[in-house]
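Peer 1: return a 3D structure for these sequence lines:
(chains A, B, C and D)
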Protein chains: 2
Amino acid sequence: MSGNWRPPSSTDVARAAGVSQSAVSRAFTPGARIAQATRARVMAAAEALGYRPNLLPKILQTNRSGIVAVVVGGFYNPYFAMTLEAFSKALTARGLQMLLVRVESDRKLDSVVGQLAGYRVDAVVSALALTSQDAADQLSKLRIPIVTLNSDLSGDWIRSVSSDNFAAGEAAARLLRERGGTRFGFVAGPGDSPAQVAREAGFAHGLEALGLPPAMRAGGGYDYASGARATRELFAGADRPDALFCANDLAAFGVIDVLREGFGLAAPDDVLVVGFDNLDMAAWAPYRLTTFDQDVDAHVAIAMELLDLEAGAECVARVAPSRLVERESTRRG
Amino acid sequence: MSGNWRPPSSTDVARAAGVSQSAVSRAFTPGARIAQATRARVMAAAEALGYRPNLLPKILQTNRSGIVAVVVGGFYNPYFAMTLEAFSKALTARGLQMLLVRVESDRKLDSVVGQLAGYRVDAVVSALALTSQDAADQLSKLRIPIVTLNSDLSGDWIRSVSSDNFAAGEAAARLLRERGGTRFGFVAGPGDSPAQVAREAGFAHGLEALGLPPAMRAGGGYDYASGARATRELFAGADRPDALFCANDLAAFGVIDVLREGFGLAAPDDVLVVGFDNLDMAAWAPYRLTTFDQDVDAHVAIAMELLDLEAGAECVARVAPSRLVERESTRRG
DNA sequence: CTGGCGAGTGAATAGCTATGCACACATTCG
DNA sequence: CGAATGTGTGCATAGCTATTCACTCGCCAG
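Peer 2: Model prediction:
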């Protein structure tokens, strides 16, 4: 009806309460010098008008919006859900809001972050690994603190927190060996993921250190279908592996299902399987998957610390330990 | 180093380019009256300084932030991930940003939305069902368009889009009957969820219409553990059901796993199982779950339409159809 | 009685952009 | 050649809040 309605301003409230605009502002500022009686009158008028202080002018002056942008590549992987949950809690605890941005690839990252700069976001957290130094430099020019997960790039304004992917790969090799594996296989994630690369390298190094032959290899994605495809490939020939390390849990589920349905093989009896992420589902009955818990809360806690750092600080790439959780998929009879 | 650095303003760019501030603004406004040469000079200066137009002043004047707040209760259920993905795409397509807010319960909803009002969000989408009329009225006072999913409350500024939960419940009853079910059970979701209530009511009505006895009942949550618990309860006695409708897929997975592990029973041979949501996992080998696809994209499309409506519009509660997807969990030999 | 002090209040201002208005200049038409 | 149209630019302002500065008033100590 009212063509262009505007929410009530502090001036409106001031008029209604018979005080100055400053008084209204002070009434809403904890610890400001204002008489109790005045504050009460202001609050009554504000309540009647439905007034909420407009945060934008403050942001305009201070350039601090209280908003942190979180960039993700998609939501299909429950691991992102865990990450979002943890970040959501951490940000809320600090009174910050979360602007969620979905981006197709990291090549679009800087254009998006440019847009975000217009909103004066206080910081950016990227679950998307940053792969090109070019994009990193572009972002650094904006002087917005950025934390990337599982990415090795860094710069003046770019920090990163990663799992000890390489060490986990080594540990996977040792475990599979101990549990009786003899022919090893690696179910790979996407090649442009630094985490995938490090896990594979660690696995390869672990095998070599034990004097074992290198692993067979298949896959190329972080999803269920990729694990399924990789398994059909690895088990097509005669020389089948009997111990698999998967780049993540989702792929491992695909592996286990195809082993069972497609080849009549079971974990751990016929094939040992290890995953990565420790999703809720990893504990479910059909899988009981041995996997690495990334300790999302620890990652997030570190990320928050890194965001607080001043620009130019030195220790900008931190590693969070991951914990091996052993379940039935590697425990034989 | 520089204690309080400020990002370059349009005035800074204007000075560098030797033009007025208005010229800079026009250079960044598509369709504005400005000479090509001037625009080029401005763009060069802007590039050199790393200038990004500050969006806040515009928001301050127009009260349109281009930000939509999305409220969720948690991320543990992959159904939320699907919803987020769909909303993210829809909002991006319209050039809107998404402010993600996690809220413990809907009782906190109005206090949070109050906070959001300070950011002048254009609209609020709540995956959290709104249950109290009190909160609804509170929110209406803020004059921010709100769309809730699977909630029956509405008001001047509150619209809702729901699945046809009741009809789906009836359809589940018919299907289970057709497939040979004789003793029916309902694995319930949380009692404060309108969707759960409608699904159960529809199921009960469907059974009654077919002249069948009412269903046994257990459960009370939307998660895996709740489904598992419900199954142990339902199958503890002698009078076991042979056809189960579960409030959602996550619970259904718990049901199937406990049937297999705890009682040596399989779906569909011993027990027919139907879920709700059609998560990716429903198609996986251990489950192959018959379920209802909520068509998230359709929900979101409707939600976007509702957000565009003016206040006081009448048709504010819309229903999106859900589609039965039959898989092996109800297909006998 | 007076200087000082504290509490409470109002006026003025910064912060940045988009836009309406006015003006200067070039071009076209009668 | 005068008028009219069109193009490009600068000036000034709105939008809302937190905060600084200056002011008044009541009160106490000297």
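Peer 1: SS state for residue A:51?
Peer 2: Local secondary structure at residue A:51 is given as coil here, using DSSP: H, G, I helix; E, B strand; the rest coil.
Peer 1: tell me the spacing between it and residue B:186.
Peer 2: With distances defined as C-beta to C-beta, to the nearest Å, the gap from residue A:51 to residue B:186 amounts to 47 Å. Backbone N, C-alpha and C define where each C-beta goes, glycine included.
Peer 1: nearest spatial neighbour of residue A:71, chain-adjacent residues omitted?
Peer 2: Nearest non-adjacent residue to residue A:71, counting by C-beta to C-beta, 6 or more residues apart in numbering or on different chains: residue A:126, 4.3 Å away.
Peer 1: okay, now the one you found: neighbour count?
Peer 2: For residue A:126, the number of neighbouring residues by other C-beta atoms under 10 Å in any protein chain shown comes to 26.
Peer 1: hmm, it is touching residue A:68, no?
Peer 2: No - assessed by C-beta atoms under 8 Å, residue A:126 is found out of contact with residue A:68, at 11.1 Å.
Peer 1: re the thing from before, quick check on the residue nearest to residue A:71: phi, psi?
Peer 2: When quoted as degrees, to the nearest 10, the phi and psi of residue A:126 stand at phi -120, psi 120.
Peer 1: so what's it bridging to?
Peer 2: Beta bridges link residue A:126 to residue A:71, residue A:148, judged by DSSP bridges.
Peer 1: who are the contact partners of it?
Peer 2: Each residue near residue A:126 by C-beta atoms under 8 Å, 6 or more residues apart in numbering or on different chains is listed here: A:70-71, A:106, A:109, A:146-149, A:151.
Peer 1: look up how far chain B lies from it.
Peer 2: The gap separating residue A:126 from chain B is 15 Å, by C-beta to the nearest C-beta, to the nearest Å.
Peer 1: ok, residue A:72 next?
Peer 2: Relative to chain B, residue A:72 is positioned 9 Å away (criterion: C-beta to the nearest C-beta).
Peer 1: who touches that residue in this structure?
Peer 2: Contacts of residue A:72 were listed using C-beta under 8 Å, 6+ apart, and they are A:80, A:83-84, A:100-103, A:127-128.
Peer 1: recalculate using a threshold of 10 Å.
Peer 2: Neighbour list for residue A:72: A:80-81, A:83-84, A:100-103, A:125-128, A:149, B:84-85, B:88 [criterion: C-beta atoms under 10 Å, 6 or more residues apart in numbering or on different chains].
Peer 1: returning to what we had before: compare residue A:51 and residue B:186 (neighbour count), which wins?
Peer 2: Under the neighbour definition other C-beta under 10 Å, residue A:51 and residue B:186 were set side by side, and residue B:186 has more, 27 against 21.
Peer 1: which residue ranges form the helices in the stretch 201-333 of chain A?
Peer 2: Defined through DSSP state H, counting those that start in this stretch, the helices belonging to the stretch 201-333 of chain A, from first to last, are A:224-234, A:249-263, A:296-308.
Peer 1: for residue B:277, find the nearest of the ones you listed.
Peer 2: Taking C-beta to C-beta, helix A:224-234 is the member of these nearest to residue B:277, at 16.8 Å.
Peer 1: for that closest one, which residues meet the burial criterion?
Peer 2: Taking 16 or more other C-beta atoms under 10 Å in any protein chain shown as the neighbour-count basis, helix A:224-234 is seen to contain the buried residues A:224, A:226-231, A:234.
Peer 1: then stretch A:240-250?
Peer 2: By neighbour count, and taking 16+ other C-beta under 10 Å as the criterion, the buried residues in stretch A:240-250 are A:241-250.
Peer 1: list the contacts for the residue nearest to residue A:50 when sequence neighbours are not counted?
Peer 2: Closest residue to residue A:50 apart from its sequence neighbours, by C-beta to C-beta, 6+ apart: residue B:141 at 4.7 Å. Contacts for residue B:141 (C-beta under 10 Å, 6+ apart) come out as A:47, A:49-50, B:110, B:114, B:117, B:155-157.
Peer 1: what's the closest of the helices of the stretch 201-333 of chain A to DNA strand C?
Peer 2: Proximity to DNA strand C, assessed across the helices of the stretch 201-333 of chain A by C-beta to the nearest atom of the strand, is greatest for helix A:296-308 (22.3 Å).
Peer 1: reformat the contacts of residue A:126 as a markdown table; add neighbour count.
Peer 2: Formatted as a markdown table, the entries for these read as follows, by neighbours: other C-beta atoms under 10 Å in any protein chain shown:
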| residue | neighbour count |
| --- | --- |
| A:70 | 23 |
| A:71 | 24 |
| A:106 | 22 |
| A:109 | 26 |
| A:146 | 27 |
| A:147 | 29 |
| A:148 | 30 |
| A:149 | 26 |
| A:151 | 25 |
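Peer 1: tell me the least confident of the residues you listed?
Peer 2: Looking at the contacts of residue A:126, model confidence by pLDDT dips furthest at residue A:106: 75.
Peer 1: now it: how far from chain B?
Peer 2: Summarising the geometry, the distance separating residue A:106 from chain B, computed by C-beta to the nearest C-beta, is 16 Å.
Peer 1: equivalent analysis for residue A:286, please.
Peer 2: Here the criterion is C-beta to the nearest C-beta. By it, residue A:286 lies 4 Å from chain B.
Peer 1: look up phi and psi at that residue.
Peer 2: Per-residue torsions, residue A:286: phi -70, psi -10 (degrees, to the nearest 10).
Peer 1: how close does it get to residue B:59?
Peer 2: In this structure, residue A:286 and residue B:59 are separated by 50 Å, where distance is defined by C-beta to C-beta.
Peer 1: of these two, which one has the most company?
Peer 2: Residue environment comparison for residue A:286 versus residue B:59 gives the larger neighbour count to residue B:59, 22 against 19, counting by other C-beta under 10 Å.
Peer 1: how about the contacts made by that one?
Peer 2: Shown in contact with residue B:59 (C-beta under 10 Å, 6+ apart): A:54, A:56, A:59-60, A:118-119, B:65-67, B:119-120, B:122.
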